[in-house]
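A.B. asks: Here is the input, now give the coordinates:
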Amino acid sequence: MELKSIGQNLYTPRLRLFFRKELDKAGIEANSEEFLSVFTIIGILTAIVILAVRFYPAPILTLILIFIVLVPLSIAAVLALMHSYMTLRIYNRVKHMEEVLPNYLQLVAANIRSGMMI
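C.D. replies: Take a look at the predicted model:
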């Protein structure tokens, strides 16, 4: 089973497209399906660690029920944290571009006035 297939099978095309666009905006060169697959696995591992640390001496049925509830929550939390990180990267990229753009436009305008082609 390829890593990419987890992201293709678990998530809708609309969500994969959303993450693809966000990854492009953030400047992260990654495949959205692989990205979602990796962070899904991280979410599952997080749920297992929480279950082992917090709820271990419980009956097996209780552990299974808690695990069923905890896995989607931990996957959602991991994806939300990653989305927050991407949003911060997008903001920093836009901020940097806003700082550089006026100087670039002045340089281009000066070069065009002096007869240099673009």
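
A.B. asks: who touches stretch 52-72?
C.D. replies: 43-44, 47-48, 50-51 (CB atoms under 8 Å, 6 or more residues apart in numbering). Bear in mind the C-beta positions are built from the backbone N, C-alpha and C, glycine included.

A.B. asks: The same query, at a cut-off of 7 Å, please.
C.D. replies: Residues outside stretch 52-72 that contact it (CB atoms under 7 Å, 6 or more residues apart in numbering): 44, 47, 50-51.

A.B. asks: Which ones among the residues you listed lie within helices?
C.D. replies: 44, 47, 50-51 (DSSP state H).

A.B. asks: are any of the residues you listed buried, and which?
C.D. replies: Buried residues within the ones in helices among the contacts of stretch 52-72, counting neighbours by 16 or more other CB atoms under 10 Å: 44, 47, 51.

A.B. asks: Please convert these to a markdown table, extending it with pLDDT and distance to residue 24.
C.D. replies: A markdown table is the format used below for those (pLDDT from 0 to 100; distance: CB to CB, whole Å):
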| residue | pLDDT | distance to residue 24 |
| --- | --- | --- |
| 44 | 92 | 26 |
| 47 | 91 | 29 |
| 51 | 87 | 35 |
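
A.B. asks: Format those as JSON lines; extra columns: distance to residue 69.
C.D. replies: Formatted as JSON lines, these follow (distance: CB to CB, whole Å):
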{"residue": "44", "distance to residue 69": "13"}
{"residue": "47", "distance to residue 69": "9"}
{"residue": "51", "distance to residue 69": "10"}
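
A.B. asks: so which of these comes closest to residue 94?
C.D. replies: Ranked by distance to residue 94 (CB to CB), these are led by residue 44 at 33.4 Å.

A.B. asks: what's near enough to touch that closest one?
C.D. replies: 71, 75.

A.B. asks: ok, now with 8 Å
C.D. replies: Going by CB under 8 Å, 6+ apart, residue 44 touches 71, 74-75.

A.B. asks: just the helices in this structure please.
C.D. replies: Using DSSP H, helices in the chain cover 3-10, 13-26, 32-54, 60-113.
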